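*Asks:* Mind looking at a prediction? Sequence and model below.
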Amino acid sequence: MLKKIGIGLGLLVIAFLIVVALQPAEFRIERSQRMDAPPYVVFNLLNNFHRWPAWSPWEKLDPNMQKKHAGPEFGTGASYEWTGNDEVGQGRMTITESVPAKRVVIKLEFLAPWEATNTTVFTLTPEGKAVDVTWAMEGHNNFMAKAASLFMDLDQLVGKDFERGLTTLKQVAEKEAREIARAKSEQAKAEQAKAKAKANADADADADADADATAAPQP
């Protein structure tokens with residue numbers, strides 16, 4: 001009897017291993033959102049890790065999270081390390097490609113509670129006065145990741161974070177775009193007022209010159 005139970009359990013283990021092995025070796029998670037802001041405004045929020053706290057969906061999960069920046073302030077080579085609670089874990093991000101107003105590629109390394117290296121890509125596609133922002137993450141599933149995928153939907157789990165992040169990014173970018181537009185409008189009005197004042201001053205000077213010429217005694 002015990003022998004049969006042992007054989008049955010062995011067959012179940014073998015079946016489980018086969019099912020795990022047949023899971024996809026690669027994965028890709030992707031979400032997109034349209035934002036009413038110039039591409040460069042969104043790009044600047046993505047290309048600078050110092051600006052991520054304004055929109056990142058993970059920043060508020062641990063108020064005591066320890067953060068460290070290295071490399072240039074922004075762009076290729078800039079890196080950001082974090083260490084936090086069980087929800088955020090420990091990891092590092094490094095910008096490996098930065099194409100102004102078009103694309104940001106990041107090497108994403110998870111160090112704890114598990115180790116994994118993935119690639120994150122932000123793609124910006126102009127649509128009239130707006131921009132479509134796509135946030136994607138892709139990587140390789142090792143055996144443990146394949147096994148975990150049988151019990152959890154990684155696309156739904158991480159995808160929800162992407163959706164929250166994009167929604168907040170949209171709010172921040174659109175607010176910044178409005179402030180920039182307002183500042184440009186006020187500057188344009190100030191320059192117009194300055195130009196008008198100069199034109200009026202020149203006209204008054206010309207009128208005074210004409211008046212002086214008329215009042216001057218004729219030979």
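*Replies:* Received, thanks.

*Asks:* Mind giving me the packing neighbours of the longest helix belonging to the chain?
*Replies:* Under DSSP state H, the helix in the chain containing the largest number of residues is helix 154-215. Other helices and strands packing on helix 154-215, by 3 or more Cβ pairs under 8 Å, 6 or more residues apart in numbering; DSSP states H and E, are strand 26-35, helix 39-46, strand 130-140. Quick note: C-beta positions are derived from backbone N, CA and C, even for glycine.

*Asks:* tell me how far the helix or strand following the shortest one is from the chain's mean position?
*Replies:* The one in question is helix 39-46. Going down the chain from helix 39-46, the next helix or strand is strand 66-70, by DSSP states H and E. Centre-to-centre, strand 66-70 and its host chain are 18 Å apart (Cα atoms, centre = their mean, to the nearest Å).

*Asks:* cool, and stretch 165-182?
*Replies:* From the chain centre to the centre of stretch 165-182 is a distance of 12 Å (Cα atoms, centre = their mean).

*Asks:* CA atoms only for it, dumped as CSV, please.
*Replies:* C-alpha atoms of stretch 165-182 as CSV (Å, rounded to 0.1, in the frame of the first residue of the first chain):
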residue,chain,number,x,y,z
GLY,A,165,1.7,54.4,-12.1
LEU,A,166,0.6,55.5,-15.5
THR,A,167,-2.5,57.2,-14.1
THR,A,168,-0.5,59.2,-11.6
LEU,A,169,2.2,59.9,-14.2
LYS,A,170,-0.6,61.3,-16.4
GLN,A,171,-1.9,63.6,-13.6
VAL,A,172,1.6,64.9,-12.8
ALA,A,173,2.6,65.4,-16.5
GLU,A,174,-0.7,67.1,-17.4
LYS,A,175,-0.4,69.5,-14.4
GLU,A,176,3.2,70.3,-15.3
ALA,A,177,2.2,70.9,-19.0
ARG,A,178,-0.5,73.3,-17.9
GLU,A,179,1.9,75.2,-15.7
ILE,A,180,4.4,75.4,-18.5
ALA,A,181,1.7,76.6,-21.0
ARG,A,182,0.6,79.2,-18.5
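
*Asks:* who touches that stretch?
*Replies:* 31-33, 35-38, 41-42, 45-46, 54-57, 133, 135 (Cβ atoms under 8 Å, 6 or more residues apart in numbering).

*Asks:* can you rerun that using 10 Å?
*Replies:* 31-46, 51-52, 54-60, 122, 129-131, 133-135 (Cβ atoms under 10 Å, 6 or more residues apart in numbering).

*Asks:* Put the buried members of these into a PyMOL selection.
*Replies:* Buried members of those, defined by 16 or more other Cβ atoms under 10 Å, are picked up in PyMOL with:
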select buried, resi 31+33+35+37+38+39+40+41+42+43+44+45+46+52+55+56+57+58+59+122+130+131+133+134+135
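
*Asks:* Would you confirm that Y80 contacts H50?
*Replies:* Yes - counting by Cβ atoms under 10 Å, Y80 does reach H50; the two are 8.5 Å apart.

*Asks:* More neighbours: which of these two?
*Replies:* Y80 (20 against 12; other Cβ atoms under 10 Å).

*Asks:* If you tally nearby residues, what's the number for the closest residue to that one other than its chain neighbours?
*Replies:* The spatially closest residue to Y80, leaving aside those adjacent along the chain, is F49, at 3.9 Å (Cβ to Cβ, 6 or more residues apart in numbering). Using other Cβ under 10 Å, F49 is surrounded by 23 other residues.
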